[in-house]
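Enquirer: Okay, here's the prediction I keep looking at, along with the sequence it came from:
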Amino acid sequence: TAYWPAQGHKSTGGKTAEKALWAKWIEPTLGQIPLKEITAIDLEKIKKTMLDTELSPATIKYAMAVVSQIWTMAQQDGFVNTPSPTKLIALPKKDNRRQRYLSKSEAEKLLNSLFNRSKISHDMSILAMDCGLRFGEIAKLTWQDCSFESERLFIRDPKGEINRFAFMTPRVKDMLLSLYPGEAAASGLIFKTKTGTMFDRIPKPFREVANELFNQNVPDKRMRVCFHTLRHTFASWLVEGGTNLYTVKELMGHSDIEMTQRYSHLSPESLKAAIKILSNAENEQHE
């Protein structure tokens, strides 16, 4: 009962998803068992039920993460003093990461449709596509984070926990200048809901437009276009243009280079160039 009120820092979508996992998959097995008596066998039952229903490995991993977080809170409050049994569960593995990114023409089509449907969705999409920002990072942006002089955006308290700067493209700068209220009023959030609060979920018009343009008859979630696709598009275009993975890692705010390696297949020319360097070195040795 103490877990859910402590999740106030999470997005509305995240809290809703966790409660649904608890109600449908976790509670039916664990609900009547005292916390300290829960074992790995109980968690294996949950995993099997979810596998039998053909749920994705990512969803099963998410359910185990909810249990793990509850266990961690219980440890902090002194109810249990042993490691979480989730550590003993072998999770099913599948590359469930989204693979989809937009071509230049698809990106233009999306932005044109959004401009006519929802200006806020359009402007947020430009920031995601041109700066590689997550939706939560965009939602939290304030005018104080925005420097037109240095053409930078300060990304504070991001998912990767390390603050960073994002750099404005001319399109981003023009868009932000068109919204800028002037120095006297330049405070608070750049993007606000109709009630003046921070967005806690992706605007509905974006989802509607993306579904209409790209997601009809696409059963594989990895290939469906969502707001996060725009961040993948940013990284993919950089790598295709020859940007090295370390630079992409820094711009994306990845905490680990392994997260950026997913884009390595998009830079065959860079790989060929690396092999050419080795070939040249071998030739020089034989001369």
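Expert: Sure thing, it's come through. Predicted, not measured: the structure shown is a model, and the values here were computed from it.

Enquirer: Any chance you could list what contacts stretch 198-206?
Expert: Outside of stretch 198-206, the residues within contact range by CB atoms under 8 Å, 6 or more residues apart in numbering are 11-13, 114, 117-118, 120-121, 124-125, 135, 139-140, 189, 191-193, 226-227. Using the backbone N, CA and C atoms, a C-beta is placed for each residue, glycine as well.

Enquirer: got the residue ranges for the strands in the stretch 51-200 of the chain?
Expert: 146-147, 152-155, 164-167 (DSSP state E, counting those that start in this stretch).

Enquirer: Out of these, flag the one nearest Lys93.
Expert: Closest approach to Lys93 among the strands of the stretch 51-200 of the chain is made by strand 164-167 (30.1 Å; CB to CB).

Enquirer: and the closest one, C-alpha only, in CSV?
Expert: Coordinates of each C-alpha in strand 164-167 appear next as CSV, following Å, rounded to 0.1, in the frame of the first residue of the first chain:
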residue,chain,number,x,y,z
ARG,A,164,23.7,17.8,-20.8
PHE,A,165,23.2,20.4,-23.5
ALA,A,166,21.2,20.0,-26.7
PHE,A,167,22.1,22.2,-29.7
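
Enquirer: That strand pairs with which strands, parallel or anti?
Expert: strand 152-155 (antiparallel) (DSSP bridges).

Enquirer: What mean pLDDT does the partner strand get?
Expert: Mean per-residue pLDDT for strand 152-155: 96.

Enquirer: Going by neighbour count, which residues in that strand are buried?
Expert: Buried residues in strand 152-155, counting neighbours by 16 or more other CB atoms under 10 Å, are found at Arg152, Leu153, Ile155.

Enquirer: ok, now stretch 79-86?
Expert: For stretch 79-86, the neighbour count (16+ other CB under 10 Å) marks Val80, Ser84, Pro85, Thr86 as buried.

Enquirer: For it, list the C-alpha coordinates in PDB.
Expert: Taking Å, rounded to 0.1, in the frame of the first residue of the first chain, the C-alpha atoms of stretch 79-86 are listed here in PDB:
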ATOM      1  CA  PHE A  79       9.900  -5.400   6.500                       C
ATOM      2  CA  VAL A  80      12.400  -7.700   4.700                       C
ATOM      3  CA  ASN A  81      16.200  -8.100   5.000                       C
ATOM      4  CA  THR A  82      16.900 -10.500   2.100                       C
ATOM      5  CA  PRO A  83      17.700  -9.700  -1.600                       C
ATOM      6  CA  SER A  84      14.700  -9.600  -3.900                       C
ATOM      7  CA  PRO A  85      13.800 -13.000  -5.300                       C
ATOM      8  CA  THR A  86      13.500 -11.300  -8.700                       C
END
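
Enquirer: who's in contact with that stretch?
Expert: Contacts of stretch 79-86 (CB under 8 Å, 6+ apart): 35-36, 38-40, 42-43, 64-65, 67-68, 71-72, 74-75.

Enquirer: gap between that stretch and the chain center?
Expert: 29 Å (CA atoms, centre = their mean, to the nearest Å).

Enquirer: In a helix, Ile41, correct?
Expert: Yes. Residue state for Ile41 (DSSP: H, G, I helix; E, B strand; the rest coil) corresponds to a helix.

Enquirer: one step back: would you mind giving the strands of the stretch 51-200 of the chain as JSON lines with distance to Pro205 added?
Expert: Compiled in JSON lines, those are given as follows (distance: least, CB to CB, whole Å):
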{"stretch": "strand 146-147", "distance to Pro205": "24"}
{"stretch": "strand 152-155", "distance to Pro205": "23"}
{"stretch": "strand 164-167", "distance to Pro205": "24"}
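
Enquirer: Please name whichever of those is nearest to Ala23.
Expert: Here strand 152-155 is closest among the strands of the stretch 51-200 of the chain (CB to CB), at 34.5 Å.

Enquirer: and the closest one, how far from the chain's centre?
Expert: The answer for strand 152-155 is 18 Å, by CA atoms, centre = their mean.

Enquirer: Equivalent analysis for stretch 73-87, please.
Expert: With CA atoms, centre = their mean, you get 28 Å for stretch 73-87.

Enquirer: mean confidence score for it?
Expert: Taken as a whole, stretch 73-87 has a mean pLDDT of 91.

Enquirer: can you give me the end-to-end distance of that stretch?
Expert: End-to-end distance for stretch 73-87: 16 Å, by CA to CA, to the nearest Å.

Enquirer: again with stretch 154-163
Expert: For stretch 154-163, the end-to-end distance is 7 Å (CA to CA).

Enquirer: Cheers, nothing more for now.
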